[in-house]
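Novice: Quick check, what structure comes out for this input:
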Amino acid sequence: MNIFVAGIGPGNYDLITLSALEHASRSDLIIVPRSDMNTMGMSEKVIRHYVKDKFILPVHFPMIKDENECIRVIHEQLMHHQWEGRENIFFPVIGDSVLYSTGYYFVRAFEKIIADINIEFIPGISAHSLASSMAKKYLAMRDEIFTVIPGTSEPERITAAMRASDVIAIYKPKAVKNLRELVMKAGEFKNIIRIDYAGIQDKESIHEGLEALNEIHEYMSIILLWR
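Specialist: Got it, this is the predicted structure:
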C-alpha cells in the first residue's frame, strides 16, 4: 500500500502543486484531518476544490501536545475501516509535507494497522515562502542564517534561536507568551511582519512593525523578522 503525504500549500487554492493533484487523482482514498469533526479543515477545503470523484474520509485530529495520545486517537478511528484492496491513500497537509506536518501522526497511527506500507512525501509551498512573497522581500540572501521557530517551543529556546539568526519565521506565534518581550531580548530587527491567513481570500491581513507583535488571536499566522 502506498501512502502519499502531500503538502498542498498554505491554503491558497492556486498554490497547490501539479504533483499533489496528480497523486490525488491516482489515489483510491483521500483522508483529511479535522480538529472539529463538524467543520472542514483548510487542507480538506483545498482538496475538495479540485477533487470531485474520490471518497474522502475525515479523521479527527486532536489539537493536543501529547504525541502518543494524538496517535492513539487517530489509530482508533483508522482501525475500524476496511483497508483490503486499497492501493494508494492520499493525505493532504497544509504547507509542506515534512514541516510540522500532521502527516507524521497519521503515518505513525497507520503503521500500527498495516506493517507493509510505502510512504511518499509530496513537497508543498510553505507559509514562510508565501509570507515573504506577500511582503515583497527576499527571505534570506548570501550567508544570512534563516531559522524557523515553532511558537510552541520553550521561551528560552525561542530567544536563543532568534539571537543566533539573521532572518526568522515564527510559526504558531499565538502560542508564544510575552512575544514582544522575547523579540526585544533577541536584539534589534529592521523589519517585522505578521501575516494572518496568508493567501486566503477575505481573511488575510498584514501587520508591520511592533504592531505585528500585539496579542495574536489567529492560529494561522506567521511572523517574519529581518535584522
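Novice: Contact partners for F121?
Specialist: By CB atoms under 8 Å, 6 or more residues apart in numbering, the contact set of F121 is V5, A6, G7, S97, V98, G103. Heads up, the C-betas are built off the backbone N, CA and C, glycines and all.
Novice: For the residue nearest to the fourth one when sequence neighbours are not counted, list each beta-bridge partner.
Specialist: By that I understand S97. Of all residues not flanking S97 in the chain, G7 sits nearest, at 4.0 Å (CB to CB, 6 or more residues apart in numbering). When bridges are called by DSSP bridges, G7 pairs up with V93.
Novice: Please apply the same query to I56.
Specialist: Going by DSSP bridges, I56 forms beta bridges with I30.
Novice: burial measure for it, as a count.
Specialist: 15 (other CB atoms under 10 Å).
Novice: I'd like to know how far K203 sits from E69.
Specialist: 31 Å (CB to CB, to the nearest Å).
Novice: which secondary structure elements does the worst-scoring helix or strand of the chain on mean pLDDT contact?
Specialist: When each helix and strand of the chain is scored by mean pLDDT, DSSP states H and E, strand 205-208 comes last, with a mean of 88. Packing partners of strand 205-208 (3 or more CB pairs under 8 Å, 6 or more residues apart in numbering; DSSP states H and E): strand 191-196.
Novice: can you list contacts of the strand it packs on?
Specialist: 130-131, 134-135, 137, 173, 183, 203-213, 216, 218, 220-226.
Novice: List the buried residues for that strand?
Specialist: I192, I193, R194, I195, D196 (16 or more other CB atoms under 10 Å).
Novice: which stretches of this structure form strands?
Specialist: Ranges of strands within the chain are 2-7, 29-34, 56-60, 88-93, 118-122, 146-150, 167-171, 191-196, 205-208, 221-226, based on DSSP state E.
Novice: weakest of the ones you listed by average pLDDT?
Specialist: For the strands of the chain, mean pLDDT drops lowest on strand 205-208, to a mean of 88.
Novice: what does it rub up against?
Specialist: Contacts of strand 205-208 (CB under 8 Å, 6+ apart): M134, A135, N191, I192, I193, R194, I195, D196, Y197, N214.
Novice: Nearest to S43 among those?
Specialist: Closest approach to S43 among the contacts of strand 205-208 (CB to CB): Y197, at 14.4 Å.
Novice: With R48 as the reference, measure out to the closest one.
Specialist: Distance from Y197 to R48, by CB to CB: 18 Å.
Novice: quick one, which of the two is more surrounded?
Specialist: Y197 (19 against 15).
Novice: Show the contacting residues for that one.
Specialist: Y197 neighbours (CB under 8 Å, 6+ apart): G11, K203, E204, S205, E218, M220, S221.
Novice: List only buried entries from those residues.
Specialist: Here, 16+ other CB under 10 Å leaves G11, E204, M220, S221 buried among these.
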